[in-house]
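Chemist: Build me a model from this:
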Amino acid sequence: LVLATQNPIEYEGTFPLPEAQLDRFLVRINMGYPELEDEREMLRGQRQGHPVEGLKQVVDGTVLTALRQAVADVHLDASLEDYILKIVSRTRAHPDLALGASPRGSLALYKASQALAALNNRDYVIPDDIKQLIPPVLGHRLILKPEGQLRGRTTARVLQGVMDGVDIELDEPTD
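Modeler: Below you'll find the predicted structure:
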């Protein structure tokens with residue numbers, strides 16, 4: 001498990017990751033700045049030392065294995081698989097993108113959707129799970145063409161346009 005932070009302003013001494021390495025991160029989340037009181041709590045909480053120094057185990061290995069299996073058992077309907085595949089496929093053919101999402105992106109969206117459903121105490125994925133996760137799971141996997149950047153396009157806008165252009169065709173329930 002790797003968690004990484006990136007300062008979007010100061011790059012001295014750091015280098016952008018190549019696409020192949022970015023593709024290995026499950027999600028990319030922009031956290032922004034904390035609220036004033038949250039930042040005050042952070043300052044006070046680190047007065048005596050860093051919180052990492054006091055970390056303790058929070059889950060037993062057998063429990064973790066069971067949780068991983070519970071996520072893997074979350075059902076994702078074939079119609080939602082099709083939705084994921086259509087979204088990813090459209091990124092690959094989008095005129096503003098030099099690089100669309102890879103098969104690793106499809107798998108990441110699938111697995112993250114299962115995890116989100118499990119966190120919401122469901123044993124099935126709903127369309128909103130996938131829609132919520134498309135930007136953080138796929139956004140960092142896309143590369144805009146320079147001409148798209150010059151026209152003011154962003155990966156977020158491209159993804160929103162792709163999402164708007166793909167309907168979810170749910171299977172009819174059978175009795």
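
Chemist: what ranges do the helices span in this structure?
Modeler: For the chain, applying DSSP state H gives helices covering 19-22, 36-45, 61-72, 78-93, 103-119, 127-138, 146-150, 155-164.

Chemist: what's the third one packed up against?
Modeler: When contacts are defined as 3 or more CB pairs under 8 Å, 6 or more residues apart in numbering; DSSP states H and E, helix 61-72 sits against helix 103-119. Using the backbone N, CA and C atoms, a C-beta is placed for each residue, glycine as well.

Chemist: can you give me the angle the helix it packs on makes with helix 78-93?
Modeler: Computed with axes from the mean of the first three to the mean of the last three CA atoms, to 10 degrees, the direction of helix 103-119 lies at 140 degrees from that of helix 78-93.

Chemist: Put the alpha carbons of helix 103-119 into CSV.
Modeler: Once non-C-alpha atoms are left out, helix 103-119 reads as follows in CSV (Å, rounded to 0.1, in the frame of the first residue of the first chain):
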residue,chain,number,x,y,z
PRO,A,103,-7.4,-1.6,-18.8
ARG,A,104,-5.9,-1.0,-15.4
GLY,A,105,-8.2,2.0,-15.2
SER,A,106,-11.2,-0.2,-15.9
LEU,A,107,-10.2,-2.6,-13.2
ALA,A,108,-9.6,0.1,-10.7
LEU,A,109,-13.0,1.6,-11.4
TYR,A,110,-14.6,-1.8,-11.0
LYS,A,111,-12.8,-2.6,-7.7
ALA,A,112,-13.3,0.9,-6.2
SER,A,113,-17.0,0.7,-7.0
GLN,A,114,-17.2,-2.6,-5.1
ALA,A,115,-15.3,-1.0,-2.2
LEU,A,116,-17.6,2.0,-2.1
ALA,A,117,-20.7,-0.2,-2.1
ALA,A,118,-19.3,-2.2,0.8
LEU,A,119,-18.5,1.0,2.7
